[in-house]
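Peer 1: Dropping the sequence and predicted coords here.
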Amino acid sequence: MNIKRNQLLYVMFTIVVIMLGLSSRKFAFALPHLLNDYLEPVWN
């Protein structure tokens, strides 16, 4: 099974996910309380 994967796409998605994770910590005050409750264990 030969599946061609676009490495550039994976790198771009990885960077976006990292940026979203860091932003969720920096701008936690702007996120709903319920969302903060579920995101907090990810960083601890």
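Peer 2: Right, received. Where do you want to start? Numbers count the residues shown, from 1 in each chain.
Peer 1: Ser24: neighbour count?
Peer 2: Neighbour count of Ser24, defined by other C-beta atoms under 10 Å: 17. In this view, the C-beta of every residue, glycine as well, is placed from N, C-alpha and C.
Peer 1: should've said Leu9
Peer 2: Using other C-beta under 10 Å: Leu9 sits among 9 other residues.
Peer 1: How about the one 10 residues further on?
Peer 2: Each residue near Met19 was counted by other C-beta under 10 Å, and the total is 10.
Peer 1: Which elements pack onto whatever helix or strand it lives in?
Peer 2: Using DSSP states H and E, Met19 sits within helix 7-26. Applying 3 or more C-beta pairs under 8 Å, 6 or more residues apart in numbering; DSSP states H and E, one finds that helix 7-26 contacts helix 33-43.
Peer 1: What separation do you get for Val11 and Leu35?
Peer 2: Look at Val11 and Leu35: by C-beta to C-beta, to the nearest Å, they are 27 Å apart.
Peer 1: Listing request: residues of the chain with sub-threshold pLDDT.
Peer 2: 1, 36, 39-44 (pLDDT under 70).
Peer 1: now the residue most central in space within the chain: how far from Ser23?
Peer 2: Central residue of the chain (C-alpha atoms, centre = their mean): Val17, 3.1 Å from the mean position. Distance of Val17 to Ser23, computed by C-beta to C-beta: 11 Å.
Peer 1: got it, and Lys4?
Peer 2: 32 Å.
Peer 1: Same drill for these two, tell me which one is more crowded.
Peer 2: Counted by other C-beta under 10 Å, Lys4 and Ser23 do not tie: Ser23 has more neighbours, with 12 against 4.
Peer 1: Need the CA coordinates for the helix holding Met19. PDB is fine.
Peer 2: The C-alpha coordinates for helix 7-26 follow below in PDB (Å, rounded to 0.1, in the frame of the first residue of the first chain):
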ATOM      1  CA  GLN A   7       4.800  16.500   4.500                       C
ATOM      2  CA  LEU A   8       4.400  20.300   4.100                       C
ATOM      3  CA  LEU A   9       0.700  19.900   4.900                       C
ATOM      4  CA  TYR A  10       1.500  17.900   8.100                       C
ATOM      5  CA  VAL A  11       4.000  20.600   9.200                       C
ATOM      6  CA  MET A  12       1.500  23.400   8.600                       C
ATOM      7  CA  PHE A  13      -1.200  21.600  10.600                       C
ATOM      8  CA  THR A  14       1.300  20.900  13.400                       C
ATOM      9  CA  ILE A  15       2.200  24.600  13.600                       C
ATOM     10  CA  VAL A  16      -1.400  25.600  13.600                       C
ATOM     11  CA  VAL A  17      -2.200  23.200  16.500                       C
ATOM     12  CA  ILE A  18       0.800  24.500  18.500                       C
ATOM     13  CA  MET A  19      -0.300  28.100  17.900                       C
ATOM     14  CA  LEU A  20      -3.900  27.300  19.000                       C
ATOM     15  CA  GLY A  21      -2.700  25.600  22.100                       C
ATOM     16  CA  LEU A  22      -0.500  28.400  23.100                       C
ATOM     17  CA  SER A  23      -3.200  30.900  22.300                       C
ATOM     18  CA  SER A  24      -5.700  29.100  24.500                       C
ATOM     19  CA  ARG A  25      -3.300  29.600  27.400                       C
ATOM     20  CA  LYS A  26      -2.600  33.200  26.700                       C
END
